[in-house]
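Enquirer: okay, structure incoming, though there's no sequence with it:
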């Protein structure tokens, strides 16, 4: 009989899943200006909002998929370009907006770090994603706004800044300058609840 882990694995490796060949790089964090940075920092280490990001190699398909570990660059790319988190193609969009699956907390706040989906992949994500298996709400959103990042927050220390908490930090929060980001967080607006398997409001069925 297959193990619980084997039964929960999706047959398709999601686009945002990290592979064993893709390793997170952890160069020392230093004080830079009014926050943190890398000694060998390049323009690619920060996003357009000036937030410092973790480094991770890119080699999808090599090694084994590490289900449950999100590849930070593909997560951010899927969020920015509205790509399906499972297949990597364009997320489903209609007159009500782009399709998203929200866990219980995300649905209450209309914020999420999980990229959108296409309709065929939505049901698979609901079955296989541990975060969503406990229950999820399918919605379409006409707009979305990046509002912050999830990552490690540091505090001043000697000789290097000290890692303090791991969590979400909003843009505008002074701690954002002391955060090494791993995932982008967005807030959805103009939201319509839809049926998971069809992606349309129940009233239209």
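Expert: Cool, the structure landed. This is a predicted model, so every value here is computed, not measured. Numbers count the residues shown, from 1 in each chain.

Enquirer: shaky segments in the protein?
Expert: 1-11, 133-134, 199, 202-205 (pLDDT under 70).

Enquirer: hmm, try it at 50
Expert: For the chain, residues meeting the criterion pLDDT under 50 lie at 1-10, 204-205.

Enquirer: could I get the full set of strands for it?
Expert: Taking DSSP state E as the criterion, the chain contains strands spanning 17-19, 24-25, 29-32, 35-38, 52-53, 55-56, 65-70, 93-94, 97-102, 111-112, 137-155, 162-170, 179-193.

Enquirer: most tightly surrounded among those strands?
Expert: strand 97-102 (a mean of 24; mean count of other CB atoms under 10 Å). Bear in mind the C-beta positions are built from the backbone N, C-alpha and C, glycine included.

Enquirer: now the most centrally placed residue in the chain, nearest residue through space, not along the chain?
Expert: Nearest to the geometric centre of the chain sits residue 113, at 3.9 Å (CA atoms, centre = their mean). Excluding the flanking residues, the one nearest residue 113 by CB to CB, 6 or more residues apart in numbering is residue 183, at 4.5 Å.

Enquirer: these two touch, right, the residue nearest to the centre of the chain and residue 150?
Expert: Yes. Between residue 113 and residue 150 there is a contact at 5.5 Å, judged by CB atoms under 8 Å.

Enquirer: shared neighbours, these two?
Expert: Residues touching both residue 113 and residue 150 (CB atoms under 8 Å, 6 or more residues apart in numbering): 168, 183, 185.

Enquirer: as TSV, those residues with distance to residue 196 would be great.
Expert: Output for these, formatted as TSV (distance: CB to CB, whole Å):
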residue	distance to residue 196
168	26
183	23
185	23
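
Enquirer: and of those, the nearest to residue 41?
Expert: When the shared contacts of residue 113 and residue 150 are ranked by distance to residue 41 (CB to CB), residue 183 comes first, at 20.2 Å.

Enquirer: the closest residue in space to residue 68 that isn't next to it in sequence: neighbour count?
Expert: Leaving aside its chain neighbours, residue 68 sits nearest to residue 130 (6.6 Å; criterion: CB to CB, 6+ apart). Using other CB atoms under 10 Å, residue 130 has 9 neighbouring residues.
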